[in-house]
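Chemist: Turn this into a structure:
(2 chains)
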Number of protein chains: 2
Amino acid sequence: MDYLDEIKSLKDQLSFSDTIKDIEYDRIVIAGMGGSGIIGKMFEELYTQKPIFIVQDYQIPDFVDKNTLFIGSSYSGNTEEVLSAVSLAKKKGARIATISAGGQISKYGDENVHIPRAGLQPRAALGYLLVPLLLSFGVSTKAELTRTQKILKELDDDNSECEMHAKNIFSNSSIPVVYGVAPFKNVAYRWKTQMGENAKILAYSNNFPELNHNDTMALAKTYRKEMFYFFVFESSQRIINKRIELTSKITKTKFHMIKPEGKSIVEKLFYLIHYGDYVSYHLGRLRGVDTRDIGLVEEIKKGLAKSS
Amino acid sequence: MDYLDEIKSLKDQLSFSDTIKDIEYDRIVIAGMGGSGIIGKMFEELYTQKPIFIVQDYQIPDFVDKNTLFIGSSYSGNTEEVLSAVSLAKKKGARIATISAGGQISKYGDENVHIPRAGLQPRAALGYLLVPLLLSFGVSTKAELTRTQKILKELDDDNSECEMHAKNIFSNSSIPVVYGVAPFKNVAYRWKTQMGENAKILAYSNNFPELNHNDTMALAKTYRKEMFYFFVFESSQRIINKRIELTSKITKTKFHMIKPEGKSIVEKLFYLIHYGDYVSYHLGRLRGVDTRDIGLVEEIKKGLAKSS
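Modeler: So this is what the prediction gives:
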């Protein structure tokens, strides 16, 4: 399958409606790496009824107990760090839920969400991984997800603006830097990872207002400034947009502002995600790299298996 | 005061022993920005008995309630985002603790830690801000902090290795990238922020094992690779060090490995922090920039005040 088809499939993934049911808990821990982990971080920004803790390592925090809902997210179902974390959580009596398209992970789950479509790149399965969380915890409704599909379809039909950014970046061999705003700070990180995985370009992310407390002076005075290409998401908060405007003006930095389409948070979320997917796709295409290739990631996994 | 004296004062700050007392809670939220905020993220990695949530914005999560210990960290005591977050938390009945060297914030606190020394750069007051958390929650003992002081003193006396890295970076106008490992992932972020604030250079951070899931291909195939200067912290976990070794070999990337000195976690933590402080200090000195200058950050604050 062509990677462009995988990207386009995001809108269809929003029809997925399996949920995590009937597990009692006081707090939530979500374990996941890479494309399967970013959904936990995104969800943490959107669901604020209970504390959520993100695990991206082999170990788990001591507070995990029988009142903890421990969600293991792994598209393959075999991610080494996540299997380790979930099995440790199970030993401590946590209620386990898993989201996967197969693999070993579901054997640990009290409740398992099975993604009906295998064979995608994990990073292209973001909808399948995120929708169960959005629906299970009432962050989104099916009606909102249906409306979101229309917005993504429009981007599938016309993403010339994404292509324009990709051309700008490619023609100058720029390093993309993406600045997020709440509740989409981790969408900026998603863009960074997509630039890395699809276009094979080192890219970076940060967010407002935090970056005003550490990047401002550097934005004005760093060397190699002309080498960076800055994206920023438009905020729904006036004060944050004012910060963005002032930062651009005072540090003399050109920000490429991305305005999220849609009314609901979820529409805006997926629009921004899809937009970044397209920028990274076009960038990979322009560079002539294989957007799907993750050969070296597999090589590291093999190297680890051999040494353990 | 010279900024070098501020950096050197970190070891003396470890004598500070005020703590947060007698507040009941089920969960902890820590609000702080920039130099005053990074301590929350560092603490979150070290204290794993209860869930910790970090706030770096004007808003707070819905789950904040009377069973929440809400810690506002602001060296100046007047950080706009933190004052907003703390006042919202107080309205929701949270137990409030504050850490500051003055300002407005302590009027919200049920328990206030007063830093005895004003006039430092917030980022140079890291010890004063972090020690109350380490002692209050039993993450460290005074004996460990005393041992840490000796290790920092040795770095004050000889930081030629830090200077060597700074010279390498400066001579090539490199962009520093710092890779952390647990439980020091946020120390890598601290290095990034110090490069930005002290040396006025855009720098970036990421961590193992997460970066294997998104940066690996880019490390091998990005353009402008020769422009980056990669630091990585040595882990105490064999499997993480194996990941680092394999990543370096497979992507053909030179990593500058920093080995944390000391026996306890806290000794290693402050050693790594101090090491990064020195790299950024030397880098600022070589560039001929004023390491203390944060004029544009103040300009943004003034611009915001004017528009509100």
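Chemist: going forward, measure contacts and count neighbours with C-alpha atoms only.
Modeler: OK.
Chemist: CA atoms of stretch A:69-78 as CSV?
Modeler: Only the C-alpha atoms of stretch A:69-78 are listed here, as CSV (Å, rounded to 0.1, in the frame of the first residue of the first chain):
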residue,chain,number,x,y,z
LEU,A,69,-6.5,2.0,35.1
PHE,A,70,-3.4,1.0,33.1
ILE,A,71,-3.8,1.3,29.4
GLY,A,72,-1.2,-0.3,27.1
SER,A,73,-1.2,1.2,23.6
SER,A,74,0.7,-0.7,21.0
TYR,A,75,-0.4,-1.0,17.4
SER,A,76,1.8,-4.1,16.8
GLY,A,77,0.9,-5.4,20.3
ASN,A,78,4.6,-6.4,20.7
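Chemist: Just the mean pLDDT for that stretch, thanks.
Modeler: Mean pLDDT, stretch A:69-78: 97.
Chemist: Kindly report the same for stretch A:300-308.
Modeler: Here the average pLDDT along stretch A:300-308 is 84.
Chemist: buried stuff in it?
Modeler: A:300, A:303 (16 or more other Cα atoms under 10 Å in any protein chain shown).
Chemist: same deal with stretch A:131-148?
Modeler: Buried residues in stretch A:131-148, defined by neighbour count with 16+ other Cα under 10 Å: A:131, A:132, A:133, A:134, A:135, A:136, A:140, A:144, A:145, A:147, A:148.
Chemist: what helix or strand is the third one on?
Modeler: Same thing as residue A:133. Per DSSP states H and E, residue A:133 falls inside helix A:126-136.
Chemist: which residues are contacting that helix?
Modeler: A:10-11, A:13-14, A:16-21, A:35-36, A:39-40, A:43, A:73, A:75, A:99-100, A:113, A:115, A:139-142 (Cα atoms under 8 Å, 6 or more residues apart in numbering or on different chains).
Chemist: Now do the strands for the stretch 51-200 of chain A: every range, in order, please.
Modeler: A:52-55, A:68-73, A:95-100, A:111-114, A:175-180 (DSSP state E, counting those that start in this stretch).
Chemist: Out of these, flag the one nearest chain B.
Modeler: For the strands of the stretch 51-200 of chain A, the distance to chain B is smallest for strand A:52-55, at 6.8 Å, taking Cα to the nearest Cα.
Chemist: Could you list every helix and strand that the closest one packs against?
Modeler: Here strand A:52-55 touches strand A:27-31, helix A:34-46, strand B:52-55, going by 3 or more Cα pairs under 8 Å, 6 or more residues apart in numbering or on different chains; DSSP states H and E.
Chemist: Just the CA trace of the first one, in CSV.
Modeler: In CSV, the C-alpha atoms belonging to strand A:27-31 read as follows (Å, rounded to 0.1, in the frame of the first residue of the first chain):
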residue,chain,number,x,y,z
ARG,A,27,-6.3,7.4,38.0
ILE,A,28,-5.1,6.5,34.5
VAL,A,29,-1.6,5.5,33.3
ILE,A,30,-1.1,5.1,29.6
ALA,A,31,2.0,3.3,28.3
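Chemist: what's the closest of the helices and strands packed on strand A:52-55 to residue A:282?
Modeler: helix A:34-46 (19.1 Å; Cα to Cα).
Chemist: Let me see the mean pLDDT of the helix holding residue A:133.
Modeler: The model assigns helix A:126-136 a mean pLDDT of 97.
Chemist: Now do that helix: distance to the chain's middle.
Modeler: With Cα atoms, centre = their mean, to the nearest Å as the basis, helix A:126-136 stands 12 Å off its chain's centre.
Chemist: Quick check: residues of the stretch 151-300 of chain A near chain B?
Modeler: A:173, A:193-194, A:196-197, A:199-202, A:204, A:209-224, A:239, A:242-243, A:246-247, A:250-251, A:294-297, A:299-300 (Cα under 8 Å from any Cα of the partner chain).
Chemist: Which ones among those map onto strands?
Modeler: residue A:204 (DSSP state E).
Chemist: what about burial for the residues of the stretch 151-300 of chain A next to chain B, which qualify?
Modeler: Of these, these count as buried by 16+ other Cα under 10 Å: A:173, A:193-194, A:196-197, A:199-202, A:204, A:209-223, A:242-243, A:246-247, A:250-251, A:294, A:296-297, A:300.
Chemist: Please flag which of these sit within helices.
Modeler: Members of these lying in helices (criterion: DSSP state H): A:193-194, A:196-197, A:216-221, A:242-243, A:246-247, A:250-251, A:296-297, A:300.
Chemist: Touching, residue A:98 and residue A:106? I think so.
Modeler: Yes: between residue A:98 and residue A:106 a contact is recorded at 6.0 Å, counting by Cα atoms under 8 Å.
Chemist: Now do the shared contacts for those two.
Modeler: residue A:112.
Chemist: okay, the two: which has more neighbours?
Modeler: More crowded of residue A:98 and residue A:106, by other Cα atoms under 10 Å in any protein chain shown: residue A:98, with 27 against 24.
Chemist: which ones are touching that one?
Modeler: A:71, A:72, A:73, A:74, A:105, A:106, A:108, A:109, A:111, A:112, A:113.
Chemist: Include distance to residue A:82 when you put these into TSV, please.
Modeler: Compiled in TSV, these are given as follows (distance: Cα to Cα, whole Å):
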residue	distance to residue A:82
A:71	10
A:72	6
A:73	7
A:74	7
A:105	8
A:106	12
A:108	11
A:109	12
A:111	16
A:112	15
A:113	16
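Chemist: so can I have JSON lines of those residues showing distance to chain B?
Modeler: As requested, these are arranged in JSON lines below (distance: Cα to the nearest Cα, whole Å):
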{"residue": "A:71", "distance to chain B": "15"}
{"residue": "A:72", "distance to chain B": "15"}
{"residue": "A:73", "distance to chain B": "14"}
{"residue": "A:74", "distance to chain B": "12"}
{"residue": "A:105", "distance to chain B": "18"}
{"residue": "A:106", "distance to chain B": "21"}
{"residue": "A:108", "distance to chain B": "22"}
{"residue": "A:109", "distance to chain B": "22"}
{"residue": "A:111", "distance to chain B": "23"}
{"residue": "A:112", "distance to chain B": "23"}
{"residue": "A:113", "distance to chain B": "22"}
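Chemist: who wins for neighbours among the residues you listed?
Modeler: Going by other Cα under 10 Å, residue A:72 tops the contacts of residue A:98 with 33 neighbours.
Chemist: Who are the packing partners of the longest helix belonging to chain A?
Modeler: The longest helix of chain A (DSSP H) is helix A:265-287. Helices and strands touching helix A:265-287, by 3+ Cα pairs under 8 Å, 6+ apart, are helix A:3-8, helix A:142-157, helix A:160-171, helix A:185-198.
Chemist: and with 6 Å instead?
Modeler: helix A:160-171, helix A:185-198 (3 or more Cα pairs under 6 Å, 6 or more residues apart in numbering or on different chains; DSSP states H and E).
Chemist: and residue A:290, which of the three is it?
Modeler: coil (DSSP: H, G, I helix; E, B strand; the rest coil).
Chemist: Check what pLDDT it gets.
Modeler: Model confidence at residue A:290 (pLDDT) stands at 92.
Chemist: burial count for the residue nearest to it when sequence neighbours are not counted?
Modeler: The shortest distance from residue A:290 to any non-neighbouring residue, by Cα to Cα, 6 or more residues apart in numbering or on different chains, is to residue A:284 (7.0 Å). Residue A:284 has 24 neighbouring residues, counting by other Cα under 10 Å.
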